[in-house]
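[1] attaching a predicted model along with its sequence, questions to come.
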Amino acid sequence: MYDRGLLDRPADEVAPLLLGGLLSCRSPEGTVTLRLTEVEAYSGKGGDPGSHAHRGRTARNAVMFGPSGHLYTYFTYGMHVCANVVTGADGTAGGILFRAGEVIDGTDLARRRRTTSTTEADLARGPARLCVALGIELRDYGLDLFAPESRVTLSFPAVPTEAARIATGPRTGIAGEGAPIPWRFWLKDDPTVSPYRAHAPRRRSDPARS
DNA sequence: TTAAGGATTGACT
DNA sequence: GTCAATCCTTAAT
């Protein structure tokens, strides 16, 4: 059985251990619980320019530098919320992004929130969709995911996931100090894992271009 | 104070 | 396959 002390280790070591773990969110409407099927690690230390903590501590990412096991929420692309769990010892920056999961409880509520999804596998396939399905909001920033009274809670799987069932892959656009680091971890052949996309966000409308 | 850009998604061709 | 929406955070005046 795992315990939260494991979270003090570097994000890329902890990430695969979270696969199969349960993420749960309570609200007045009900509770939604899902099984994590895809995660992505962010070290925050040199070598990961993609990390929000890469440029040092700021008001937004402060929680990433604090004690592990807390929730880091952020707003992106003007309309989406994503959620991470803070990892690494107090004082070091690190986090693991919840990218996808399989809803195992509160499916009806999740489906009501995700009106655009057609299948159950789509309910939490993608980091922003996952937050919508669970009901995680920006204001949940900093919650202790391992405190029983928290609105949002996380637990490791009761039994470690076999290494043979875990797939890893690098995130595109990351220039590490040499060899690329496998930042992403997912359960092989799971239908709820988000399809791989090379990260190439579009620029906003360019007035200079006809 | 202002401007640029993003750990994405959903709609459309 | 391509592209727009949208607003918060950050860096630069």
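    Ah, there it is.
[2] nearest the geometric middle of chain A, what residue?
    Centre of chain A computed as the mean C-alpha position; nearest residue by Cα atoms, centre = their mean is A:Phe98, 1.7 Å away.
[3] so which other helices or strands are in contact with the one helix or strand that one maps to?
    Using DSSP states H and E, A:Phe98 sits in strand A:95-105. For strand A:95-105, the packing partners by 3 or more Cβ pairs under 8 Å, 6 or more residues apart in numbering; DSSP states H and E come out as helix A:11-18, strand A:22-27, strand A:30-42, strand A:80-86, helix A:127-134, strand A:184-187. Placement of C-beta: from N, CA and C, glycine included.
[4] average model confidence for whichever helix or strand comes after it?
    Remark: after strand A:95-105, the chain's next helix or strand is helix A:107-113, criterion DSSP H and E. In this model, helix A:107-113 has a mean pLDDT of 95.
[5] in helix A:107-113, which residues are buried?
    A:Thr107, A:Leu109, A:Ala110, A:Arg111, A:Arg113 (16 or more other Cβ atoms under 10 Å).
[6] with distance to A:Asp48 added, can I get those in TSV?
    Below are the buried residues of helix A:107-113 laid out as TSV (distance: Cβ to Cβ, whole Å):
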residue	distance to A:Asp48
A:Thr107	35
A:Leu109	35
A:Ala110	31
A:Arg111	35
A:Arg113	31
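[7] out of the residues you listed, which is nearest to DNA strand B?
    A:Arg113 (10.0 Å; Cβ to the nearest atom of the strand).
[8] would you agree the closest one is in contact with A:Leu130?
    No - using Cβ atoms under 8 Å, A:Arg113 is not in contact with A:Leu130, being 11.0 Å away.
[9] run a quick neighbour tally on A:Arg139.
    Residue neighbour count, defined by other Cβ atoms under 10 Å, stands at 10 for A:Arg139.
[10] also A:Gly5?
    9.
[11] please name the residues that touch the residue nearest to the centre of chain A.
    A:Leu23, A:Leu36, A:Val39, A:Cys82, A:Ala83, A:Asn84, A:Val85, A:Pro127, A:Leu130, A:Cys131 (Cβ atoms under 8 Å, 6 or more residues apart in numbering).
[12] partner residues bridging A:Val103?
    In this structure, A:Val103 bridges to A:Leu34 when assessed by DSSP bridges.
[13] pretty sure it contacts A:Glu120?
    Yes - contact criterion Cβ under 8 Å: A:Val103 and A:Glu120 qualify, at 6.6 Å.
[14] neighbour-wise, which of these two wins?
    Per other Cβ under 10 Å, whichever of A:Val103 and A:Glu120 has more neighbours is A:Val103, with 23 against 16.
[15] quick check: the more buried one vs A:Leu22, distance?
    11 Å (Cβ to Cβ, to the nearest Å).
[16] who touches both of these two?
    A:Thr33, A:Leu34.
[17] secondary structure element holding whatever residue of chain A ends up closest to DNA strand C?
    Taking Cβ to the nearest atom of the strand, DNA strand C has its nearest neighbour within chain A at A:Gly78, 2.4 Å off. For A:Gly78, there is no host helix or strand (DSSP H and E).
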